[in-house]
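**Student:** Everything below, folded, please.
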Amino acid sequence: QLSPNKERVWTSLGKEMMRRNQLKEASVAFSNALTLATIEDGMEVRPATLMNAILLHHYLGEFDDAFELQRLLPLDSISAIERSKLHEVRGISFLNLQKPEQAKIEFTESIHHSPNLNAEAGLATVAILRGDKQMAEARARQVLSQEPKNILANRVLKELGLTTNQ
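**Tutor:** Have a look, this model is predicted:
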């Protein structure tokens with residue numbers, strides 16, 4: 001209410017809406033942030049705004065929009081953890097697009113930037129799609145040994161017809 005014309009404020013609101021799984025509201029907030037960024041003192045969009053808008057598009061299944069926005073993101077301006085998250089979400093998007101080989105590249109890149117259990121679980125999913133059930137189980141169990149309630153890893157074991165930790 002105090003700063004309705006500031007990109008940073010709309011970005012913060014969008015992040016909070018994503019955290020609450022209110023994706024429609026998050027979309028409106030990021031749209032406002034991106035619009036304001038183009039008019040605010042001639043400045044470019046802040047990397048945090050772009051990064052979160054990209055993640056939101058992936059979560060919404062708007063993969064083309066997400067991939068297009070990513071072209072604008074200066075990767076050297078985000079942290080290794082943020083890069084890891086970006087590659088993890090891209091991997092999930094490629095799985096949804098039924099492109100497991102591209103997903104594998106993204107999950108591997110995610111892990112390269114920062115340890116990431118969801119990317120490891122993503123690699124387990126890729127292993128299932130490639131018919132390597134033994135690798136899928138091993139990766140899923142390795143994730144679950146560190147994070148017993150990991151949704152992706154438990155889903156892999158369930159798909160394999162094996163006992164999960166949930």
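**Student:** Which positions within the helix or strand hosting Lys158 qualify as buried?
**Tutor:** Per DSSP states H and E: Lys158 is located in helix 151-159. Using 16 or more other Cβ atoms under 10 Å as the burial criterion, the residues of helix 151-159 that qualify are 152-157. All C-beta spots, glycine's among them, are computed from the backbone N, C-alpha and C.
**Student:** For Leu97, see how far away the residue nearest to the spatial centre of the chain is.
**Tutor:** By Cα atoms, centre = their mean, the chain has its centre lying nearest to Val89, at 2.6 Å. The gap separating Val89 from Leu97 is 13 Å, by Cβ to Cβ, to the nearest Å.
**Student:** elements contacting the helix or strand hosting Glu16?
**Tutor:** Using DSSP H and E, Glu16 maps to helix 7-19. Secondary-structure packing of helix 7-19 (3 or more Cβ pairs under 8 Å, 6 or more residues apart in numbering; DSSP states H and E): helix 23-39, helix 47-59.
**Student:** Tell me which of these lies nearest to Glu16.
**Tutor:** Comparing the helices and strands packed on helix 7-19 against Glu16 with Cβ to Cβ, the closest turns out to be helix 23-39 (8.2 Å).
**Student:** Could you export that closest one as CSV, CA atoms only?
**Tutor:** The C-alpha coordinates for helix 23-39 follow below in CSV (Å, rounded to 0.1, in the frame of the first residue of the first chain):
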residue,chain,number,x,y,z
LEU,A,23,-0.3,-19.0,-8.1
LYS,A,24,-2.9,-16.9,-9.8
GLU,A,25,-2.3,-14.0,-7.3
ALA,A,26,1.5,-14.6,-7.7
SER,A,27,1.1,-14.2,-11.5
VAL,A,28,-0.7,-10.9,-11.1
ALA,A,29,2.1,-9.6,-8.7
PHE,A,30,4.9,-10.7,-11.1
SER,A,31,3.1,-9.2,-14.1
ASN,A,32,2.9,-5.9,-12.2
ALA,A,33,6.6,-6.2,-11.2
LEU,A,34,7.7,-6.8,-14.8
THR,A,35,5.6,-3.9,-16.1
LEU,A,36,7.0,-1.5,-13.5
ALA,A,37,10.5,-2.6,-14.2
THR,A,38,10.4,-1.4,-17.7
ILE,A,39,9.2,2.0,-16.7
